[in-house]
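Engineer: next comes the sequence, and after it the predicted model I'd like to discuss.
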Amino acid sequence: MTESITLAPRSLKAHNTVALPGSKSISNRTLLLAALSDNECEIRSLLKSDDTDRMLEALEKLGVPMQKTDSGSLKLVGQSGKFPNKQADLFLGNAGTAFRPLTGALAILGGDYHLHGVPRMHERPIGDLVDALRIAGANVDYLGNEGYPPLQIHDFSDKQVREIPIKGNVSSQFLTALLMALPLTGEAWTIRVDGDLISKPYIDITLNLLKQFGVNVENHDYQIFRLPENATYHAPEIVNVEGDASSASYFLAAGLLSGSPVRVTGLGKNAIQGDVAFAHELAKIGANVMWGDDFIEVSRSPEQKILPFDLDANHIPDAAMTLAVVALATGAKCSIRNIESWRVKETDRIAAMATELRKVGAEVVEEQDAIHITPPEKLTNGAAIDTYDDHRMAMCFSLVSLLGVAVQINDPKCTHKTFPTYFDVFNGLSA
């Protein structure tokens with residue numbers, strides 16, 4: 001029988017502060033870049049989760065020395081653009097932020113590597129990335145369905161091609177993987193994006209981190225990227241990982257829904273993660289938002305209603321899931337558009353969100369790249385929400401308990417992917 005947790009209807013304490021776990025996107029990118037650098041790096045506030053565990057396990061199997069410090073940070077010894085072990089079997093779970101960049105780096109470096117994951121990972125497309133890597137000279141085989149993991153990587157054969165096209169409309173992680181891998185060749189490269197690039201803020205994270213690790217990439221309107229020749233990765237002595245902006249969305253939304261101020265720390269007005277834009281979207285629909293150097297705080301005045309919205313969410317695809325539950329509090333139809341990338345995430349998030357929102361009484365219209373939500377006059381009490389082994393489904397639907405009804409969350413441990421203590425922290429907000 002599936003484990004579940006029931007969340008009673010609740011109000012929040014007069015003021016709450018939440019110390020965010022480290023960003024998943026920054027943590028896994030930083031781990032790989034540090035491993036490929038020519039020096040030692042201390043990583044502080046690294047996220048502890050299933051996804052980062054899979055990256056750490058992979059790097060250890062590849063021969064990268066690392067050690068925990070007494071203060072809880074991680075010291076990692078970079079291997080100067082190569083891995084000591086040229087043969088490895090790497091299980092990467094359902095961690096896209098580990099699977100895609102590691103595929104890029106290992107395919108460019110060459111060796112004998114088997115990359116695989118859970119069944120859902122083997123349903124998430126990777127063909128566009130493999131096609132681009134093959135143009136450069138990578139030798140990659142599909143071990144199951146064409147265009148999907150698992151993969152077998154062989155030796156690299158430089159084809160002397162220095163311009164690579166990559167499709168931009170499926171996952172920005174494909175472009176991130178190329179941007180992180182190609183500097184390992186020491187050659188100058190041009191990457192050309194075919195079509196519109198989705199999730200541009202995640203590319204901004206990648207470019208920002210590449211710069212921190214010594215590689216400056218020219219970005220021409222997110223269509224052409226030029227990488228310099230003779231690039232080498234050199235790590236900062238200390239890297240502080242920002243708090244996770246996607247995880248922040250649940251607590252910031254709680255401040256809006258409850259009216260009680262909720263402050264998240266570890267992330268502020270100078271954050272490099274695009275999902276901080278979620279706070280701006282909350283401000284448009286009734287939130288009071290306060291920004292600091294290391295915090296964001298959201299509340300709502302008693303007289304301020306939560307307004308319906310029609311949002312192009314291409315810039316905040318993960319955080320926009322939280323708005324699908326916020327829509328239940330608006331009293332009118334809401335639309336979230338340009339989110340086709342939801343289809344190829346941990347589950348088909350458009351279909352999953354539509355199914356579960358109907359359980360609480362909402363009328364939902366699902367399109368290939370959009371979802372339209374009309375809240376009911378009265379929410380269903382005690383709805384049992386299935387989570388599809390998707391951490392964000394579980395965390396989003398916890399917010400229903402702030403709307404005057406109980407909600408049951410099935411398989412709550414799926415939050416271990418990015419936020420193992422989520423339900424402890426969320427319950428700690430209650431009055």
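Structural biologist: Ah, there it is.

Engineer: for the closest residue to Leu182 other than its chain neighbours, phi and psi?
Structural biologist: The shortest distance from Leu182 to any non-neighbouring residue, by CB to CB, 6 or more residues apart in numbering, is to Trp189 (4.6 Å). C-beta coordinates here come from the backbone N, C-alpha and C atoms, glycine included. Here is the backbone geometry of Trp189 (degrees, to the nearest 10): phi -140, psi 150.

Engineer: per-domain residue ranges of this structure.
Structural biologist: 4-21+242-429, 24-240 (the TED database).

Engineer: wouldn't Asn270 be in contact with Gly292 here?
Structural biologist: No: applying CB atoms under 8 Å, one finds Asn270 not in contact with Gly292, separated by 10.0 Å.

Engineer: please name the bridge partners of Thr6.
Structural biologist: Gln408 (DSSP bridges).

Engineer: per-residue confidence for it?
Structural biologist: For Thr6, the pLDDT comes out at 98.

Engineer: check Asn169 too.
Structural biologist: In this model, Asn169 is scored at 88, pLDDT.

Engineer: using the three-state scheme, assign the residue of the chain positioned farthest from its centre.
Structural biologist: When each C-alpha in the chain is compared with the mean C-alpha position (CA atoms, centre = their mean), Glu303 comes out farthest, at 34.7 Å. What DSSP: H, G, I helix; E, B strand; the rest coil gives for Glu303 is coil.

Engineer: for Val400, see how far away it is.
Structural biologist: Look at Glu303 and Val400: by CB to CB, to the nearest Å, they are 24 Å apart.

Engineer: tell me which residues in stretch 132-150 are buried?
Structural biologist: Applying a neighbour-count criterion of 16 or more other CB atoms under 10 Å, one finds 132-133, 136-138, 140, 148-150 buried in stretch 132-150.

Engineer: mutual contacts of Asn270 and Gly292, please.
Structural biologist: The contact sets of Asn270 and Gly292 do not overlap (CB atoms under 8 Å, 6 or more residues apart in numbering).

Engineer: ok so, going back, if we only consider the buried residues of stretch 132-150, which is nearest to Gly195?
Structural biologist: Distance to Gly195, by CB to CB, is smallest for Ala132 among these, at 13.6 Å.

Engineer: the closest one falls within a strand, correct?
Structural biologist: No: Ala132 sits outside any strand when classified using three-state DSSP, being helix.

Engineer: do you have the strands of the stretch 151-300 of the chain handy? List them.
Structural biologist: Under the criterion DSSP state E, counting those that start in this stretch, the stretch 151-300 of the chain contains strands at 151-153, 163-167, 189-194, 218-220, 224-227, 238-240, 262-265, 288-291, 295-299.

Engineer: ok, now the stretch 301-431 of the chain?
Structural biologist: Under DSSP E, counting those that start in this stretch, the stretch 301-431 of the chain gives strands at 310-312, 334-337, 363-367, 370-374, 383-385, 407-410.

Engineer: what's the angle from the third one to strand 370-374?
Structural biologist: The reference is to strand 363-367. Inter-element angle recorded for strand 363-367 and strand 370-374: 170 degrees (by axes from the mean of the first three to the mean of the last three CA atoms, to 10 degrees).
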